[in-house]
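# Pasting the sequence and the predicted model now:
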Amino acid sequence: MKLSYVTDSLGHLSFENMLDKVAAMDIHAVEMTTGGWSPAPHLRLDELLESSSKREAFIMALQKRDIELCALNCSGNPLDPGKLGEEHRAVTEKTMELAKLLNVKKIVMMSGLPGGCAGDKTPNWITYTVSWPEELQQVVDYQWNEVAIPYWKRLVNKAEACGVEKIALENFSSQLVYNPETLFKLRNAVGPMVGLNLDPSHLLWMGANPIAAARALGDAIHHVHGKDVRMEQGLVEINGVMETKVVTDVAARAWNYVAVGCGHDLQWWKEFFSVVKMMGYDGHVSLEMEDLTMSIEAGITTSVEALKQTISV
């Protein structure tokens, strides 16, 4: 496996200065966002689609520093029932088209989350039970069978036409696909192009074991994010993990995204990567630095050092 970098945490730098920073850390691959929930600080989607000279300059800037573009990331909610969904679906399709032009074979994104019925204006995440009220069973059936699966069948066809080989869905909360079971539900319906972007941080706070998840996923691991989470002692024991606090309210939260090694020690990370490799994944591990408990620079340095010590090669 090789270390890659999700460039958004360096959004304060220009495209070329960001590449210089990545190269200085001896990292030779990047995962770049194209839109969706990201402002896409380093990639102008429409500009690159429209201009071959802009694409050539973009590629040359990467090649000059011996940096590979390992994936395009268009994470958002393409199943949102409102205007946001329209915008994110458009970004997703354009990302597929750009992947064809840049010869990128992997797209990282999220499954999306629909409303609870045809008239809903906001997404609805059902996570507790569908036993009562019984109407929730109808909600889940609508979300999967009337919205998600038809959309994803169309999107897989689009991806195939654009030469994309893998779509890696991040197991993020508030999405239909948020764990291995839900990934396989979609994968079984639309085909093996869809796999998981295995992000251990999300599984950890939801109470799952990412090492066991890796074993269950096998060849359905399409990508890996290097991101840690810490359960905050004295708070999680009282309130549990379900909360609605914003991520910036770090001192009051029961759990926080943290730099790699600040939630789980290096021995844990060594075992995680060892099992991921053992299951057949030998692609990139992208550092997604979202630690708000320390400075960006400290979080990057801490995470890069930890990942370089633990990634299985």
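That came through fine. Numbering: from 1, shown residues only.

# middle-most residue in this structure, spatially?
The chain has residue 170 as the residue nearest its centroid, 3.8 Å off, counting by Cα atoms, centre = their mean.

# need the contact list for that one.
Counting by Cβ atoms under 8 Å, 6 or more residues apart in numbering, residue 170 makes contact with 75, 108, 109, 110, 196, 197, 199, 202, 225. Glycine gets a C-beta too; all of them are placed from N, C-alpha and C.

# can you give me the end-to-end distance of stretch 36-51?
For stretch 36-51, the separation between the terminal residues is 21 Å (Cα to Cα, to the nearest Å).

# Now rank the contacts of residue 170 by neighbours and give me the top one.
Neighbour counts for the contacts of residue 170 (other Cβ atoms under 10 Å) peak at residue 197, which has 29 neighbours.

# which residues touch it?
With Cβ under 8 Å, 6+ apart, residue 197 has these contacts: 108, 168, 169, 170, 171, 222, 223, 224, 225.

# one more time with 7 Å
Contacts for residue 197 were tallied using Cβ atoms under 7 Å, 6 or more residues apart in numbering; they are 108, 168, 169, 170, 222, 223, 225.

# can you redo the residues you listed as TSV with pLDDT?
Output for those, formatted as TSV (pLDDT from 0 to 100):
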residue	pLDDT
108	98
168	98
169	98
170	98
222	98
223	98
225	98
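
# Save those as CSV, and put in secondary structure and distance to residue 82 too.
Putting those into CSV (DSSP: H, G, I helix; E, B strand; the rest coil; distance: Cβ to Cβ, whole Å) gives the following:
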residue, secondary structure, distance to residue 82
108, strand, 24
168, strand, 26
169, strand, 21
170, strand, 22
222, strand, 29
223, strand, 28
225, strand, 28
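
# quick revisit: quick check: the farthest pair among the contacts of residue 170?
109 and 202 (14.6 Å; Cβ to Cβ).

# What segments of the stretch 51-200 of the chain are helices?
52-64, 83-102, 135-141, 149-161, 180-190, 200-205 (DSSP state H, counting those that start in this stretch).

# Where does residue 302 sit: helix, strand or coil?
With DSSP: H, G, I helix; E, B strand; the rest coil as the basis, residue 302 sits in helix.

# Okay, it and residue 40: tell me how far apart.
As judged by Cβ to Cβ, to the nearest Å, residue 302 and residue 40 stand 26 Å apart.

# do residue 87 as well
Distance of residue 87 to residue 40, given as Cβ to Cβ: 13 Å.
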